[in-house]
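>>> here's a sequence, model it:
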Amino acid sequence: MIKFKIKIDELVWFTFHLFIFVKAFTGPLTLYLAYIRFAPIALMILLVGYKLCILIPKKLSYILLMVFLSIYVLIGINNNSLVSSVFGIYIFIPFLFAFLYSTELYQRIFVNNFKFNLFYFLSCAVGILYVNQFGAEWIGAEQEIAGVTKVVSRDWISDGMMRNPGFTGTSVSSATLVIITCTFLGYTLLEKRRFISLLVIFAVSAYLIYLTTTKTTMVTLGFVFILIFCSAFITKYIVKTIFLFLTLFSYYCMFNISNVSTGMLTNTMLIRMYQTWPNAMLLLETPLQYFFGKGFGSIGVPTYYFTPALANSADNMYVYLYVIFGVFSILFSFFFMMKFLSFGLTLSKTTKQFLIISLVILTGGITSNLFEASFYSVYGGVIIGMIVSEKKERDIKLNPNYQ
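All right, here's what the predicted structure looks like:
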């Protein structure tokens, strides 16, 4: 039985690593091997099913979760279509996988991770610099899979400058992987007191993110650099204050429908605030939908494929969840916020690192879309899974000296 458990843990880590690898090299990989993108997802579906088979007989909360998700698949079918609703829940698979296996993945991701993060940091650097210098055939390329046209790597110009995706599928993905790996590497270098290497890593990261033109990630990188040198006590309060502010700010903007702008905006943050977020709420057409939501497939990628006239990217995890789940999403958000604000009462070096990574992931989830952004989804699943997990189990993972 113990051997079987070890094998499952190894398979979980292999699946996570395969997912990161495929997404980190989406451009060149899927240009020639179009269906390889489904390999890690297929493994995730099997592992999610296996985990639920274990948890459902033991915990009532997971029975209720499955019933709840099933109801919202049906609501999605009623408001949209069968294929759109199924695709909508399919998008959540990476997040659900990481959430359910958060305690197993935590040790692999947060402990002895230098080589893992260095490899992906260098791959991002090479990819971004290569595309910046030579361009790439995967940028703007399209493939048809099951009757749906899929862009291999997005070709996007902002303010006259290409949003550089490197080897990944989008500039946001590339910038996300840079800041995640930089944060882990920077924390390790600080512990080893290798300050010159630390400064080099952050300087290179800033340049790479500049080439992707992802402004929010650049601002977050600045906060990470400052927090790495702060005490765990200060870090805890800064991270929680920022997250609380961004959460309240998101709800204010999304419900401020009367302030929707129809003018030409060029700043991406202003576009989100005055167009994307409030316009997403206009997808809810009746009081019933406003209360219960529209179900899976009502926002984000499914709308671009199946209902292009109603397409809205959401670009915010709270907006995304509200359109799907209605007021229930606010209850989920409140529960998570209470958990997060009470998290880290016992501070350690590991807790500080966890809080800084939480800032990176959750800030990205609010200013992008945690569930549809490849790297945010799996890292976010681990972060959120750890925060809402049982306190004793979480404390053992975060603090090796826990008694």
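>>> could you use CA atoms for every contact and neighbour count after this?
OK.
>>> point out where the stretch 301-403 of the chain drops to low pLDDT.
344-349, 390-403 (pLDDT under 70).
>>> quick one: the helices in the stretch 101-250 of the chain?
Remark: helices assigned in the stretch 101-250 of the chain by DSSP state H, counting those that start in this stretch are 102-110, 114-134, 171-191, 195-212, 215-228, 232-255.
>>> what's the most buried one of those helices?
Mean neighbour count (mean count of other Cα atoms under 10 Å) peaks for helix 171-191 among those, with a mean of 23.
>>> dump the helices of the stretch 101-250 of the chain to TSV, plus distance to M161 and mean pLDDT.
TSV is the format used below for those (distance: least, Cα to Cα, whole Å; pLDDT from 0 to 100):
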stretch	distance to M161	mean pLDDT
helix 102-110	34	91
helix 114-134	10	94
helix 171-191	12	94
helix 195-212	8	96
helix 215-228	13	94
helix 232-255	28	92
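>>> in JSON lines, list these along with distance to F25.
Conversion of these to JSON lines gives the following (distance: least, Cα to Cα, whole Å):
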{"stretch": "helix 102-110", "distance to F25": "19"}
{"stretch": "helix 114-134", "distance to F25": "8"}
{"stretch": "helix 171-191", "distance to F25": "10"}
{"stretch": "helix 195-212", "distance to F25": "16"}
{"stretch": "helix 215-228", "distance to F25": "20"}
{"stretch": "helix 232-255", "distance to F25": "31"}
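>>> out of those, nearest to S333?
Nearest to S333, of all the helices of the stretch 101-250 of the chain, is helix 232-255, at 8.8 Å by Cα to Cα.
>>> just checking, what packs against that closest one?
Applying 3 or more Cα pairs under 8 Å, 6 or more residues apart in numbering; DSSP states H and E, we find helix 232-255 packed against helix 277-281, helix 317-325, helix 327-341, helix 349-367.
>>> of these, which is nearest Y50?
Set against Y50 and scored by Cα to Cα, the helices and strands packed on helix 232-255 come closest in helix 327-341, at 24.6 Å.
>>> would you mark the buried spots in that closest one?
Residues 327, 329, 333, 337, 340-341 are the ones in helix 327-341 that count as buried (16 or more other Cα atoms under 10 Å).
>>> between those, which sits nearest V204?
Closest approach to V204 among these (Cα to Cα): F340, at 31.4 Å.
>>> hang on, that closest one packs against I387?
Yes: counting by Cα atoms under 8 Å, F340 touches I387, with 6.4 Å between them.
>>> coming back round to it: a markdown table please, covering the helices and strands packed on helix 232-255 and showing distance to K236.
Listed next are the helices and strands packed on helix 232-255 as a markdown table, based on distance: least, Cα to Cα, whole Å:
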| stretch | distance to K236 |
| --- | --- |
| helix 277-281 | 29 |
| helix 317-325 | 22 |
| helix 327-341 | 9 |
| helix 349-367 | 7 |
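>>> closest one to T170 among these?
Proximity to T170 (Cα to Cα) singles out helix 349-367 among the helices and strands packed on helix 232-255, at 14.3 Å.
>>> the helix or strand that the closest one is followed by packs against which elements?
Downstream of helix 349-367, the first helix or strand assigned by DSSP states H and E is helix 374-388. Helices and strands touching helix 374-388, as assessed by 3+ Cα pairs under 8 Å, 6+ apart, comprise helix 2-24, helix 93-100, helix 102-110, helix 171-191, helix 327-341, helix 349-367.
>>> what angle separates the second one from helix 102-110?
Regarding helix 93-100 and helix 102-110, their directions subtend 100 degrees when assessed with axes from the mean of the first three to the mean of the last three Cα atoms, to 10 degrees.
>>> distance from the chain centre to helix 93-100, please.
11 Å (Cα atoms, centre = their mean, to the nearest Å).
>>> and that helix, C-alpha only, in PDB?
Below are the C-alpha coordinates for helix 93-100, written out as PDB (Å, rounded to 0.1, in the frame of the first residue of the first chain):
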ATOM      1  CA  ILE A  93      -9.000  20.600 -14.800                       C
ATOM      2  CA  PRO A  94      -5.400  21.900 -14.200                       C
ATOM      3  CA  PHE A  95      -6.600  24.000 -11.300                       C
ATOM      4  CA  LEU A  96      -8.600  21.100  -9.800                       C
ATOM      5  CA  PHE A  97      -5.700  18.700 -10.200                       C
ATOM      6  CA  ALA A  98      -3.300  21.000  -8.400                       C
ATOM      7  CA  PHE A  99      -5.900  21.900  -5.700                       C
ATOM      8  CA  LEU A 100      -6.600  18.200  -4.900                       C
END
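>>> what does it rub up against?
Under the contact criterion Cα atoms under 8 Å, 6 or more residues apart in numbering, helix 93-100 has outside partners 41, 44-45, 47-48, 51, 105, 371, 374, 377-386.
>>> I63 - how many residues pack around it?
Close neighbours of I63, defined as other Cα atoms under 10 Å, add up to 14.
>>> how close does it get to L52?
Distance from I63 to L52, counting by Cα to Cα, to the nearest Å: 9 Å.
>>> what of I128?
In this view, I128 and L52 are 39 Å apart by Cα to Cα.
>>> got it, and A373?
From A373 over to L52 the distance is 24 Å, taken as Cα to Cα.
>>> comparing these two, which residue is more hemmed in?
For A373 versus L52, neighbours defined as other Cα under 10 Å are more numerous around A373 (21 against 16).
>>> and the more buried one, what does it touch?
Residues in contact with A373, defined by Cα under 8 Å, 6+ apart, are S173.
>>> coming back round to it: so which of the helices of the stretch 101-250 of the chain is nearest I75?
Nearest to I75, of all those, is helix 232-255, at 22.2 Å by Cα to Cα.
>>> relative to the whole chain's centre, how far out is the closest one?
Computed by Cα atoms, centre = their mean, the chain-centroid distance of helix 232-255 equals 17 Å.
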